[in-house]
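Undergrad: Sequence below, structure please.
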Amino acid sequence: MGIKKGADVYEGNNIYDFNKLKSGGIELLIQKATQGLTHNDRLLTYRYNQCKSISLPITFYHFAGGNDPVEEAKHYYNIVKNLKADGVHILDIENQGVWTKAKAIDFTNKYIGYLQSMGLKMGLYSGASFFYDWLAGNIPTNIALWLASYGKQPYGYPDKVSWQYSESGSIPGINSPTDLDYFRDDMFKGSTNNAIVINTDPVIKAKQFVGSNALELQQKLNKLIDLKLLTGTKLTEDGIIGNASYNLLITFQKKYIPTQVDGLAGNRVFGVINDLIAGKTVNVSKPVVNTTLKTVQINLNRIMNAGLETDGIDGRQTQSAVRRFQSAVKLQADGIAGKNTQTAINEILSFPLCGLKYTHKYATAYIQYRFQIAIDGIFGQGTANATKTYQKNKGLTADGVVGPSTWKKLFE
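TA: Numbering: from 1, shown residues only. You can find the predicted model right below:
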């Protein structure tokens, strides 16, 4: 696998000499084509022709605007359909404030799905934290991945992802600060299986994410303790992320970045730490409190003994508890407390009569989960027999029907 140098540009970058761009080592130029539903980059066609005239590979990207994803995909397709791309077509989706996790996942899947149905090979660009927090594991794997991470390699590079390593680079042929990149071969040819595996253990996940910057993180967290800006036990500076390093990072995030309490030390975490060490004032952003999610947390504490803080904040522990519940009732385990998840919770907490003659798939699945038998949401003879065994063990009438008395025992 060869890594090739590249740059990505839009009409705000001033390319004054394409030959210098090529001779300076750029092997792929990614040009903005469209944004949202209506915007077209005014220099797309000109730059495309310039690149083609000197055999400089070029491809294109769309900046997601948060509108209807298929309509945005159609807008992009109509603009680039007569241009011959030398690489994959890129969806640029960033954490610019228009997204929720559910919306970002839905947009990405529908946008990419439409353009793949039109025969285009696809790729995705995003910030490393945004991708790993929200998108990883929830979007197609048959796309090229390209992540921005300034100051440290993103997890997955170079085996799985390409890397935008600078947003203010200098390169011959362009007289303005430019995004610079290291591109994998799949940015040219496309990918058939690019699944990113992130360990679900939060400590291992934190270790994977921070990578070679572990020692720097430990040193800087210790510095914050020395400056009395953080309370905790100083870490052994060994470059190994274990429970102590993870827990101190969580303490730091709760105090200074309460909207990102995930144990992942990316650019935002290091930026805030550096500002604090430099004596700068840090504005602590208040997390968004979702009253519906607060109700979900309360209910998951009842149903799953989840031990969640009922704060209405969509944090790591809440997402993990939601996934565990979703798995228990055979829903897609995406960590998003959406309509189906809430329907399942409400059905269970209505304590419906469940037996061979009664159909309540979510309540039945939960009963099967509690009885540790195969989960299919169907109250068959096997479930009835397991119910009788449970009832007998609890001193109840063993009739094989989960009614008020059995539900009460399940929730003691």
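
Undergrad: okay, CA-based contacts and neighbour counts for the rest of this
TA: Fine.

Undergrad: and the helix or strand harbouring L145, what does it pack onto?
TA: Assigned by DSSP states H and E, L145 belongs to strand 144-148. Helices and strands touching strand 144-148, by 3 or more Cα pairs under 8 Å, 6 or more residues apart in numbering; DSSP states H and E, are strand 122-127, strand 161-171, helix 186-189.

Undergrad: Looking at the next helix or strand after the first one now, give me its mean pLDDT.
TA: Sequence order places helix 128-130 as the next helix or strand after strand 122-127, per DSSP H and E. The pLDDT scores in helix 128-130 average 82.

Undergrad: quick one: low-confidence parts of this structure?
TA: Within the chain, the ranges that satisfy pLDDT under 70 run 1, 96-97, 194-200, 286-288, 316.

Undergrad: just to revisit the earlier point, now the helices and strands packed on strand 144-148 in a markdown table, please, with extra columns for distance to K408 and mean neighbour count.
TA: Formatted as a markdown table, the helices and strands packed on strand 144-148 follow (distance: least, Cα to Cα, whole Å; neighbours: other Cα atoms under 10 Å):
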| stretch | distance to K408 | mean neighbour count |
| --- | --- | --- |
| strand 122-127 | 47 | 23 |
| strand 161-171 | 50 | 20 |
| helix 186-189 | 56 | 21 |
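
Undergrad: Nearest to K409, out of these?
TA: The minimum distance between K409 and the helices and strands packed on strand 144-148 falls on strand 122-127, with 47.6 Å, by Cα to Cα.

Undergrad: now that closest one, how far from the centre of its chain.
TA: 12 Å (Cα atoms, centre = their mean, to the nearest Å).

Undergrad: Let me see the contact set for the nearest residue to T291 once chain neighbours are set aside.
TA: Nearest non-adjacent residue to T291, counting by Cα to Cα, 6 or more residues apart in numbering: G312, 5.7 Å away. G312 is in contact with 288-295, 297, counting by Cα atoms under 8 Å, 6 or more residues apart in numbering.

Undergrad: Which secondary structure element is home to G312?
TA: Assigned by DSSP H and E, G312 falls outside every helix and strand.

Undergrad: Distance-wise, check it relative to T343.
TA: Distance of G312 to T343, given as Cα to Cα, to the nearest Å: 18 Å.

Undergrad: does L124 really touch I143, like I thought?
TA: Yes - judged on Cα atoms under 8 Å, L124 makes contact with I143 at a distance of 7.0 Å.

Undergrad: which of the residues in stretch 82-101 are buried?
TA: Judged by neighbour count (16 or more other Cα atoms under 10 Å), stretch 82-101 contains these buried residues: 85-94, 101.

Undergrad: ok, back up a step: would you turn the helices and strands packed on strand 144-148 into a markdown table with distance to T359?
TA: Converted to a markdown table, these look like this (distance: least, Cα to Cα, whole Å):
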| stretch | distance to T359 |
| --- | --- |
| strand 122-127 | 43 |
| strand 161-171 | 46 |
| helix 186-189 | 48 |
